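Student: Would you be able to build a 3D model of this:
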Amino acid sequence: MKMKKYFKIVGSVFLLCLFISCSKKETVENTATTVGHSSIIFFPSLAINGEQLVILQPGETFTEEGATAILNGQPIDYTTTGTVDLTTPGIYVLNYEAKNEQGYSATDFRTVVVMGNDVAAHDYSGTYDRIVSGAPNGQTSTWTKIGTGVYTVVNPGGATGVTATAVNYTGDKIAIPLQTTSAGPFSSTNGVYYPAAVPPYYEWKIVNAGYGTALRTFVKK
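Tutor: As a prediction, this is how the structure comes out:
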């Protein structure tokens, strides 16, 4: 008899504890920066103002239009690295970056080309065969002049599907200034045109994730 009363008492205490435990509800408090116990991270966004590729002919000036950086719907500060020397023909890249408190960043870039005064008479328009192991490999690249020292180049690396702007910015130096194409960020290095060769040809290295880093040679048809 006593044993039954004991079990009844223990059972009642257990049910009471279970009821109290189940009746407790955790309070979840949401704020502008948290959801319950989790923090909300807002990621920055950044976009340049104006053109991504700026080509300056001799005597033209450069106006920096800056960028717009946003975090959680509000403008924030950003940093700019790189400079432009208007006295020296060349290709200059300005990089913009905005960060949040956690260190996550958003970036963008602008390329400024300072043209020399020694390229006005040059015209590198035409179609070129890509040369591999001393012979054409079936790939071609076509240049169309659209301004003093400025060209639209179809298939600049030989492979089809990409069109880019190229420049002959001083002497026989040529380049694809850093720009966004259908293949993503795209540029070139080590670019030289050889107009006195028979037939004329040029060489450069393509800088893009989908291309190799070897020097590419193209001979005019």
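
Student: Would you mind putting the CA coordinates of stretch 83-91 into CSV?
Tutor: Extracted C-alpha coordinates of stretch 83-91, given in CSV (Å, rounded to 0.1, in the frame of the first residue of the first chain):
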residue,chain,number,x,y,z
THR,A,83,46.6,57.3,-60.0
VAL,A,84,46.5,58.7,-63.5
ASP,A,85,49.5,60.6,-65.0
LEU,A,86,48.2,62.7,-67.8
THR,A,87,51.8,63.6,-68.9
THR,A,88,52.8,60.0,-69.7
PRO,A,89,51.1,57.8,-72.3
GLY,A,90,50.0,54.6,-70.6
ILE,A,91,47.2,52.5,-69.1
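
Student: Tell me the gap between that stretch and the middle of its chain.
Tutor: Offset of stretch 83-91 from its chain centre (Cα atoms, centre = their mean, to the nearest Å): 21 Å.

Student: For this protein, give me the ranges with low pLDDT.
Tutor: 1-37 (pLDDT under 70).

Student: at 50 instead, please
Tutor: 1-23 (pLDDT under 50).

Student: Which parts of it belong to which domain?
Tutor: Split into domains by automatic domain parsing, the chain comes to 40-114, 126-220.

Student: got the ones you listed as JSON lines, with mean neighbour count columns?
Tutor: Placement of C-beta: from N, CA and C, glycine included. Compiled in JSON lines, these are given as follows (neighbours: other Cβ atoms under 10 Å):
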{"stretch": "domain 40-114", "mean neighbour count": "15"}
{"stretch": "domain 126-220", "mean neighbour count": "17"}
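
Student: looking at these, which is closest to A120?
Tutor: Minimum separation from A120 across the domains of the chain (Cβ to Cβ) falls at domain 126-220, 5.3 Å.

Student: Scan this structure for its longest strand.
Tutor: Longest strand in the chain by number of residues (criterion: DSSP state E): strand 135-147.

Student: Tell me which residue lies nearest the centroid of the chain.
Tutor: In the chain, the C-alpha nearest the mean C-alpha coordinate belongs to P185, at 5.3 Å (Cα atoms, centre = their mean).

Student: That one and D108: what is the separation?
Tutor: Going from P185 to D108 by Cβ to Cβ, to the nearest Å gives 11 Å.

Student: Then L86?
Tutor: Per Cβ to Cβ, L86 is found 22 Å from D108.
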